[in-house]
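Visitor: turn this into a model:
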Amino acid sequence: MSACVPARAADSDRTERAHPPHSPPPTGSPRPRVAGADLSASVTVFLIALPLSLGIALATGAPLQAGLVAAAVGGIVAGRIGGSPLQVSGPAAGLTVVTADLIQHYGWRTTCAITVLAGISQLGLGCLRVARGALAVSPAIVHGMLAGIGVTIAVAQLHIVLGGTPQSSVPDNLLALPSQLANLHPAALSVSLLTLALLLLWPRLPGRPGRVLRTVPAALVAVAGATAVAAAAGLVLPKVDLPSWSNHALAGLPEGPVPGLATAVLTTTLVCSVQSLLGAVAVDKLVSGRPGPGQVGRSDLDRELLGQGAANIVSGSLGGLPVAGVAVRSSANVKAGAVSRNSTMLHGVLVVIAALLMIPLLELIPLASLAALVMAVGIQMVSLHHIRTVTRHREVLVYAVTTLGVVSLGVLEGVALGIAVAVGVALHRLTRTRITHEEEEGVHHVHVRGQLTFLAVPRLSRVLHLVPQGADVVVALDGSFMDHAAYEALQDWQSTHTARGGTVEITGRRAGVRIAEPAALVSGHPPDGGEEAGASDADCRCRPWTAWRNHQCERPRPLPDDGPRPGGTGGTEGADGAATGKPEPAGTGGHELRRGISVFQRNTAPLVRGELARLAREGQRPGQLFLTCADSRVVTSMITASGPGDLFVVRNVGNLVPPPGAESGDDSVAAAIEYAVEVLAVRSITVCGHSGCGAMQALLDTEPDGSRTPLRRWLRHGRPSLLRMGDGSLPPSRLAGRTPTDAVEQLCLTNVVQQLEHLRAHESVARAMKDGALELHGMYFHVGEAQAYLLTERDEEKVFDRVRSADLAM
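Guide: Here you go, the predicted structure:
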């Protein structure tokens, strides 16, 4: 198996146990060290896992020991090998329906064999490195699958809560519910209601005592409280029965028809893998949002598949339930402050100890209490947040069909139905095109909403022929794709209409989206390349971040002959945006500015007018102060994907923060900081530097007693950064994975760190940080690579980590 482990696996382990740079090699056998946070987190997760593992085993109809085996193996094996250090694996509620169905059809020993085969399949998928591809499944399908499983669990466990026995399917359980309600078991119902009440009320205990008590998991309190009351009241109820481990059933050879077994293995592999991968992504989000420096690397999803596969092989061989990542335990592990995979592994060890030494205590637990616990978990799997999300994205049909399919037919069948509906919805959206025609003040407006393909050509032709000859026409294309057939139809009609004295203006209403055809048509120029009378620069369809000089909607013009730049950095700028080449021809800049404003008014203003009107009414409420350089290549809204009202931006040459009390003759930066922190109450401040900074080059080139121009006087606030870079007692700032290319880049990185120190010295910032209301961040943007880096601290080192596209959260 080691041959299949991705190269990043070793890197992930090394980041957790890295030796300080230049340290002597370790002598003797290394002693394992467990952080106190990992130890306390493992106890928290263990207290949650113990009752849940027994409850899930009860819900599947498996031997109750099987839940403990899966919890221990998931913690130790998946925790050690898996690619998500803080994800806790074990028997998962999402696998309950699948496992119960397998036990009913094939028996327990064959179910264990199917678990082993599913683990082998996961190993194969991990070796093929297809984990990221598995996440391409529509979230509506995944959430619908989990909701269907949750409904199935809740309806089945309701019978045990009422004192009865569940049937084999949801329809049968629903049909049997009236008779079950007519024959209630008062003792079982009272214990179940007590369990549910404790589960609901324990996390809501008020005040300081409540904060202390809430550190004990609600699941443990609910089951322990119900068990204590049942024992004290002398209630006669079915209880947990754990036979001797010597009689525990292990996996046997699979028995049954090969197609059925293959389907069972496929279903188990699918559910285990998807749930584990989604759980790993969710854990990454929780870790990234946790306060404090990020000490845990991001999940390696291919390695996580390998770890889950190994755990299922071991669990199935030892007679345990299938293993997958468990959201409840994983989130508890992160919130408890775990910092490495040791917490997950220790929780598995604690489960082993409990399974060997705590059997007399576990056998006091009423089955009705465990059933109520699992029923609550099943209800929580039907998430209102997920329903609102899929509704907002118009995928509620996919969600509903998947849920009903899982409830009525089974997991694999429900997922297949969901995929089929998702494909149908996607095709419907691709082919659905609305074409309308209306006349306003003598101008005919043809509006095309949706993708313009050959299927829409007949409707497009009918609408275009409604336009009278010689009329003025505006064709608005509101879509992201136009195929060749539609392009030719529109081009031919445009040529004919203009030849007969009409005018045609083709535009769009979605800023930044360009139809996938030659720009001549979209920009309003006729197909022969000549200029159409009346065509304006406002018809430009270039993307909004396209530089003026690179617009493709007009004929190329010669660029000015740029001279050399200070510091030898080349390009078109000097010290952060100061143009140093020959001046452009008179009137060119004004023309570009007017054209840019015109494009904004035509394409972008209609889209943002509503949002800007809201901001005008409510006032600005930015969440972050973003302090960066005045360099024209650093476009803050583009590199942060932010919009109006998100960032309070301060720009200056060199992204400098004068220390408080500095005699600079310019309090603008300090005033902006005070206003952002005390008036706008921003939650974070980011200092962003960038590559090729002319200010840093000027700092390196400037003599201390040089000329005192305004620029030189301003740059003296960067001299502490220069001194810091030359201080050998401080670890140098660096980029993760490589060293700075030259002294300029080294100073750019050091300057971000130093300006953060200046920032902390400001009274308003220090006060807000002390109250926990403000965070500071460092950022470095490499212009040539279009790559952002975020500052983290590792053993007193200042390291800028690359931000990857995959960090989106997933």
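
Visitor: so who does Leu64 touch?
Guide: For Leu64, the contact set (C-beta atoms under 8 Å, 6 or more residues apart in numbering) comprises 54, 57-58, 240-242. (C-beta placed from N, C-alpha, C; glycine too.)

Visitor: got CSV for those, with distance to His447 too?
Guide: As requested, those are exported to CSV (distance: C-beta to C-beta, whole Å):
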residue, distance to His447
Leu54, 61
Ala57, 60
Leu58, 60
Val240, 67
Asp241, 70
Leu242, 69
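
Visitor: may I see the ChimeraX selection of the buried members of these?
Guide: Command for ChimeraX that selects the buried part of the contacts of Leu64, burial taken from 16 or more other C-beta atoms under 10 Å:
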select :54,57,58,240,242
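
Visitor: which one of the contacts of Leu64 is nearest Glu775?
Guide: Glu775 has its nearest neighbour among those in Leu54, at 41.3 Å by C-beta to C-beta.

Visitor: SS state for Val657?
Guide: Per DSSP: H, G, I helix; E, B strand; the rest coil, the secondary structure class of Val657 is coil.

Visitor: let me know the pLDDT of it.
Guide: Listed pLDDT for Val657 reads 93.

Visitor: so it touches Arg760, yeah?
Guide: No: the pair Val657 / Arg760 is not scored as a contact, 9.6 Å apart, by C-beta atoms under 8 Å.

Visitor: picking that back up, so of the contacts of Leu64, which ones are in helices?
Guide: Applying DSSP state H to the contacts of Leu64, the entries found in helices are 54, 57-58.

Visitor: helix or strand with the lowest mean pLDDT in this structure?
Guide: helix 519-522 (a mean of 40; mean pLDDT, DSSP states H and E).

Visitor: in the helix or strand following that one, what counts as buried?
Guide: The first helix or strand that comes after helix 519-522 along the chain, using DSSP states H and E, is helix 588-599. For helix 588-599, a neighbour-count test (16+ other C-beta under 10 Å) marks 592, 595-596, 599 as buried.

Visitor: which one of these sits closest to Ser383?
Guide: Val599 (42.3 Å).

Visitor: so for the closest one, what's the pLDDT?
Guide: pLDDT at Val599 comes out at 78.

Visitor: quick check: it vs Arg633, distance?
Guide: According to C-beta to C-beta, to the nearest Å, Val599 stands 21 Å off from Arg633.

Visitor: please compute how far the helix or strand hosting Thr792 lies from its chain's middle.
Guide: Applying DSSP H and E as the criterion places Thr792 in strand 787-794. Relative to its chain's centre, strand 787-794 lies at 18 Å (C-alpha atoms, centre = their mean, to the nearest Å).

Visitor: could you measure Pro259 against Gly316, distance?
Guide: 20 Å.

Visitor: out of the two, which sits in the busier spot?
Guide: Counted by other C-beta atoms under 10 Å, Pro259 and Gly316 do not tie: Gly316 has more neighbours, with 29 against 8.

Visitor: number of residues surrounding the nearest residue to Gly784 once chain neighbours are set aside?
Guide: Leaving aside its chain neighbours, Gly784 sits nearest to Ser691 (6.4 Å; criterion: C-beta to C-beta, 6 or more residues apart in numbering). Burial measure for Ser691: 22 neighbouring residues, criterion other C-beta under 10 Å.

Visitor: isn't Ser691 right next to Glu745, touching?
Guide: Yes: using C-beta under 8 Å, Ser691 makes contact with Glu745 at a distance of 6.1 Å.
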